[in-house]
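Peer 1: pasting the structure only:
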């Protein structure tokens with residue numbers, strides 16, 4: 001086998017920057033409402049500024065020197081990234097304290113809510129309320145993350161993962177440094193707050209409907225952007241930001257693939273109405289296992305049909321009648337509440353703890 005070459009960076013896919021007129025058309029689409037026409041001169045000036053930032057590639061226009069804690073203290077870090085990094089470090093410190101009350105992040109993975117086109121809450125949201133009530137009755141703090149906000153809330157976004165890890169793992173920074181990219185208008189990214197919620201939690205319960213045999217797109221967006229939690233580089237100065245060749249050299253010199261969320265407990269509630277629930281539940285379990293999270297027991301991993309092959313229009317009524325599935329969801333929360341004290345005290349440990357992974361990735 002030929003030895004890998006660290007500087008072997010393949011290029012040629014990118015088609016290049018937009019022409020000015022295409023850029024202008026896309027910029028102005030955000031001001032389609034005729035109410036903006038009174039400010040056309042101002043919009044023209046703003047578009048010229050945005051075009052200049054786009055041409056210059058001003059991804060992070062405000063920076064700060066990294067400082068002594070980083071490999072290259074003089075490197076200019078995005079102030080937004082550094083703020084996120086420092087918040088995660090503080091959250092991790094608080095999460096690790098023995099006197100910190102137990103916290104569980106409850107993730108609502110459905111796209112539907114009553115503030116947008118469907119006009120109705122999701123069953124996933126209703127199941128999450130059952131989980132929250134059960135956790136709180138057990139004295140566990142429940143932090144809610146409703147990903148349906150991506151469909152109903154102004155400029156609340158999770159931008160897609162750019163796949164940096166596939167070039168070299170050290171190029172994938174923890175937390176993600178791909179966003180915001182102000183020169184491309186890729187801002188208002190929700191992930192820094194979501195990373196903080198994951199880090200602060202002692203356990204996570206994911207609830208999701210099954211869309212076409214798979215997870216809903218808001219949930220999948222979050223999952224992809226959590227790749228930096230599994231092997232991600234906490235020091236962007238080691239790769240001079242996004243220097244692909246340097247990142248390859250760092251990885252090939254030996255990379256530890258740190259698991260930044262390992263040791264937290266997890267539970268799952270996956271539901272559907274026709275097919276695909278087992279596949280999605282297994283995929284989510286495999287993903288969480290890979291990241292080093294610990295399942296809270298067999299009763300904490302649930303997949304169930306609600307209103308099997310019945311009309312969509314009666315699905316909430318079907319859930320009302322299915323008291324067994326409601327109780328099973330309560331058991332997911334109960335299993336988590338019982339797991340956390342043992343996990344945090346060290347009484348509960350994975351059977352394979354301490355084993356060396358011969359092929360880390």
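Peer 2: Perfect, thanks for sending it. Note that this is a predicted model, so its numbers are computed, not measured. Residues are numbered from 1 along each chain as shown.
Peer 1: what sits up against the lengthiest helix in the chain?
Peer 2: Of all segments of type helix in the chain, defined using DSSP state H, the longest is helix 323-345. Residues outside helix 323-345 that contact it (C-beta atoms under 8 Å, 6 or more residues apart in numbering) are 98, 102, 104, 127, 130-132, 134-135, 138-140, 202-203, 205, 263, 265, 267-269, 271, 294, 296-297, 299-302, 304, 306, 319, 347-348. Any C-beta I mention is one placed from the backbone N, CA and C, and that applies to glycine too.
Peer 1: in helices, which of the residues you listed appear?
Peer 2: Per DSSP H, the contacts of helix 323-345 map to helices at 127, 130-132, 134-135, 319.
Peer 1: the longest helix of the chain: how far from the chain's middle?
Peer 2: Distance of helix 323-345 from the chain centroid (C-alpha atoms, centre = their mean, to the nearest Å) equals 23 Å.
Peer 1: hmm, back to that, pull out the buried members of the contacts of helix 323-345.
Peer 2: Listed as buried from these are 102, 104, 127, 130-132, 134-135, 138, 140, 202-203, 205, 263, 265, 267-269, 271, 294, 296-297, 300-302, 304, 306, 319, 348; burial here means 16 or more other C-beta atoms under 10 Å.
Peer 1: can you read off the pLDDT for residue 357?
Peer 2: Predicted confidence (pLDDT) for residue 357: 86.
Peer 1: that one and residue 38, how far apart?
Peer 2: In this view, residue 357 and residue 38 are 62 Å apart by C-beta to C-beta, to the nearest Å.
Peer 1: please apply the same query to residue 305.
Peer 2: Taking C-beta to C-beta, one finds residue 305 at 54 Å from residue 38.
Peer 1: which of these two has more neighbours?
Peer 2: Taking other C-beta atoms under 10 Å, residue 305 and residue 38 do not tie; residue 305 has more neighbours (17 against 9).
Peer 1: hmm, that one is touching residue 273, no?
Peer 2: Yes - taking contacts as C-beta atoms under 8 Å, residue 305 lies within contact range of residue 273: 6.2 Å.
Peer 1: quick one, what contacts residue 59?
Peer 2: Going by C-beta under 8 Å, 6+ apart, residue 59 touches 78, 180-184.
Peer 1: how about stretch 306-320: buried residues?
Peer 2: By 16+ other C-beta under 10 Å, the buried positions in stretch 306-320 come out as 306-307, 315-316, 318-319.
Peer 1: apologies, that question was intended for stretch 84-99.
Peer 2: Neighbour counts over stretch 84-99 (16+ other C-beta under 10 Å) mark 84-85, 87-88, 91, 95 as buried.
Peer 1: next one: it to chain centre, how far?
Peer 2: 18 Å.
Peer 1: same question for it, mean pLDDT?
Peer 2: Mean per-residue pLDDT for stretch 84-99: 98.
Peer 1: and stretch 8-27, by the same measure?
Peer 2: Taken as a whole, stretch 8-27 carries a mean pLDDT of 96.
Peer 1: that stretch spans what distance, first to last residue?
Peer 2: Stretch 8-27 has an end-to-end distance of 36 Å (criterion: C-alpha to C-alpha, to the nearest Å).
Peer 1: tell me where the model's unsure across the stretch 1-150 of the chain.
Peer 2: Within the stretch 1-150 of the chain, the stretches with pLDDT under 70 are 1-4, 6.
Peer 1: noted, bye for now.
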